[in-house]
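Trainee: Here is the input, now give the coordinates:
(one chain, ligands or ions: 1)
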Amino acid sequence: MNLAGKDKKHIIHPWSNLGSDAESMIIESGKGVHVFDSEGNKFLDSISGMWCVNLGYGNEEMAQAIADQCVKLAYYTPFGAMTSPPSIQLATELSALTPGDLNCFQFTNSGSTAVESAIRFVHYYFNCLGQPEKKHIIYRENAYHGSTYLAASLNGKRCDRSYFDYVTDIVHATSDPNPFKRPQGMSIEDFCDLRVNELRDKILEIGPDKVACFIAEPIMGSGGVIVPPPGYHKKTLDVCREYDVLYISDEVVTAFGRLGHYFASEEVFGIVPDIITVAKGISSGYQPLGAAIFSQKLVDRISGDSASENSYYTNGFTYSGHPVTCAAALKYLEIMKRDKLTDHVLEVGPYFMERLETLMELPAVGDVRGRCLMACVECVVSDNEDENIAFAQRVDEFCQEKGLIVRPYENLCILSPPLIIEKKHADQIVDILGDSIASTMDEMGYS
Ligand code: PMP
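Mentor: All right, here's what the predicted structure looks like:
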């Protein structure tokens, strides 16, 4: 049996159609912004693996740092009063970069576990403060926050909410702030206020004494690269503050350079949330690492002299603060700083967006949106959603035939290239995507 056959037999892929006969594409190696499949085909990877390989592939400095730490200390427990140096060094360095007083880190091994840990912290926090009824969580339609039970219960994408079971008693959805889908004739400002007021109404409907937190991605990623209207995050944070609702900013995609800054909450959207969750880019995808980052003020209220009697923080993982994952993140931070990666993104990102916007000239393109190196092209050829999805899927196939990997989601082509892309790569991505949309229009008769 060939490799693809063995994969089909033995592996259950995340977000895969278990009824499909299609074989997986096997990616065997990568160098820079390119990956190579098992048949030797070369692809420009416009999705950084999965929003994560910020430095591109085959980075030998990263490999060396990981190898060095493996030899020095491959693992030690972080439980109780045990630790190892890389996690301490990483938390200290990150504290200098995080917004406001977000100085306290709980390391995890993924984005889902970062979100899960953040929510469990929030529940523990309100229990300690004697407000055990404050447990409800508000999330947004089209959000993506992970695949563990509680984190998955905060996913608002339609396709993520079928067949599985979810926590239902303490989670509540509010609408997403997608300006592209706003009611006809409504101004962006009024649309923003509409969504902010919906959040307020939701808090009041549940009861402010019961709502623990609101969770939001700065720019919604997998749900369709939804950039909120200006002022949306500030206004939603103000509403949260008014009702003592904690604000969790899920920066699993947006932190560590994708938007040209270390953290998007403060530097792009001007807010200092109570909690930030990160993963993916923190180690440039070279090691599985995530973190929930808490405001010092929150932690101070439940620790030290303020700790509740007999309380015990039973939240964390064998691999929290794993020395090898933290060594990878430390090396990534060093490279980011040395190579002025955020400056590079602030130069190449707007160029990429500008070039992508030219695709709006194609009749099949309904919207192009995003910021810096986080973008999406929405295909709209019909009023029928299924036809739009079929169209985008065919675009994706054409892209692969032409040597480009994009990420299809419903009728969207999602793009999140490695941060090291140069303008020539941005041109290649836009050219191939444009050609593929044109070929699909011809083939499916939409020209
Ligand atoms: N939050 C956001 C915003 C994400 O985009 C993702 C993953 N795409 C997650 C959480 C979950 O991360 P992971 O897949 O590492 O568990």
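Trainee: Let me know the pLDDT of the closest residue to the ligand within the chain.
Mentor: Going by Cβ to the nearest ligand atom, the ligand is nearest to residue 111 of the chain, at 2.2 Å. The C-beta positions use only the backbone N, C-alpha and C, and glycine is treated the same way. Note on residue 111: pLDDT of 98.
Trainee: which residues of this structure score low on pLDDT?
Mentor: In the prediction, the chain carries no residues with pLDDT under 70.
Trainee: Walk me through the domains of it.
Mentor: Per the record, the chain has its domains at 3-58+340-444, 63-338, by automatic domain parsing.
Trainee: Out of these, which is the most enclosed?
Mentor: Of all these, domain 63-338 has the most neighbours on average by mean count of other Cβ atoms under 10 Å, namely a mean of 19.
Trainee: Look up how far residue 302 lies from the residue of the chain positioned farthest from its centre.
Mentor: Ranked by distance from the centre of the chain (Cα atoms, centre = their mean), the top residue is residue 309, with 36.9 Å. Look at residue 309 and residue 302: by Cβ to Cβ, to the nearest Å, they are 12 Å apart.
Trainee: likewise residue 144?
Mentor: 29 Å.
Trainee: again with residue 123
Mentor: Distance, residue 123 to residue 302, by Cβ to Cβ: 12 Å.
Trainee: ok, now residue 249?
Mentor: Per Cβ to Cβ, residue 249 is found 20 Å from residue 302.
Trainee: Find me whatever residue is spatially closest to the residue most central in space within the chain, sequence neighbours aside.
Mentor: The C-alpha lying nearest the average C-alpha coordinate of the chain belongs to residue 253 (Cα atoms, centre = their mean; 2.9 Å). Using Cβ to Cβ, 6 or more residues apart in numbering and skipping residues adjacent in sequence, the residue nearest residue 253 is residue 221, 4.1 Å away.
Trainee: which phi and psi does the one you found have?
Mentor: As for residue 221, its main-chain torsions (degrees, to the nearest 10) stand at phi -90, psi -90.
Trainee: so it touches residue 144, yeah?
Mentor: Yes - using Cβ atoms under 8 Å, residue 221 is in contact with residue 144, at 6.4 Å.
Trainee: Provide a list of residues in contact with the residue of the chain closest to the ligand.
Mentor: The contact partners of residue 111, by Cβ atoms under 8 Å, 6 or more residues apart in numbering, come to 145, 146, 250, 252, 277, 278, 279, 280, 290.
Trainee: Among those residues, which are located in strands?
Mentor: Among the contacts of residue 111, DSSP state E puts 250, 277, 278, 290 in strands.
Trainee: TSV for these, including distance to residue 50?
Mentor: Listed next are the ones in strands among the contacts of residue 111 as TSV, based on distance: Cβ to Cβ, whole Å:
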residue	distance to residue 50
250	15
277	16
278	15
290	13
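Trainee: Out of those residues, which comes closest to residue 132?
Mentor: Set against residue 132, the nearest of those by Cβ to Cβ is residue 277 (23.4 Å).
Trainee: what's across from that closest one in the sheet?
Mentor: Beta-bridge pairing of residue 277 under DSSP bridges involves residue 250, residue 292.
Trainee: That one and residue 45: what is the separation?
Mentor: 25 Å.
Trainee: Can you show me the strands along the stretch 201-350 of the chain?
Mentor: Taking DSSP state E, counting those that start in this stretch as the test, the strands found in the stretch 201-350 of the chain are 211-216, 246-250, 275-278, 290-295.
Trainee: would you list the ones you listed in TSV and tack on distance to the ligand?
Mentor: Below are the strands of the stretch 201-350 of the chain laid out as TSV (distance: least, Cβ to the nearest ligand atom, whole Å):
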stretch	distance to the ligand
strand 211-216	9
strand 246-250	4
strand 275-278	7
strand 290-295	6
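Trainee: Switch these over to CSV; also include distance to residue 238.
Mentor: Shown next, in CSV, are those (distance: least, Cβ to Cβ, whole Å):
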stretch, distance to residue 238
strand 211-216, 12
strand 246-250, 10
strand 275-278, 17
strand 290-295, 16
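Trainee: between these, which one is nearest to residue 361?
Mentor: strand 211-216 (32.8 Å).
Trainee: Show me what that closest one is packed against.
Mentor: Where contact means 3 or more Cβ pairs under 8 Å, 6 or more residues apart in numbering; DSSP states H and E, strand 211-216 is packed against helix 111-128, strand 136-140, helix 232-242, strand 246-250.
Trainee: partners of that strand, with directions?
Mentor: Within its sheet, strand 211-216 is paired with strand 136-140 (parallel), strand 246-250 (parallel), according to DSSP bridges.
Trainee: and the first one, how far out from the chain's middle?
Mentor: So the one you mean is strand 136-140. 17 Å (Cα atoms, centre = their mean, to the nearest Å).
Trainee: got it, and stretch 348-365?
Mentor: In terms of Cα atoms, centre = their mean, the centre of stretch 348-365 is found 22 Å from the chain centre.
Trainee: For the closest residue to residue 53 other than its chain neighbours, give me its contacts.
Mentor: Nearest residue to residue 53, sequence neighbours excluded (Cβ to Cβ, 6+ apart): residue 285, at 4.2 Å. Counting by Cβ under 8 Å, 6+ apart, residue 285 makes contact with 48, 49, 50, 52, 53, 54.
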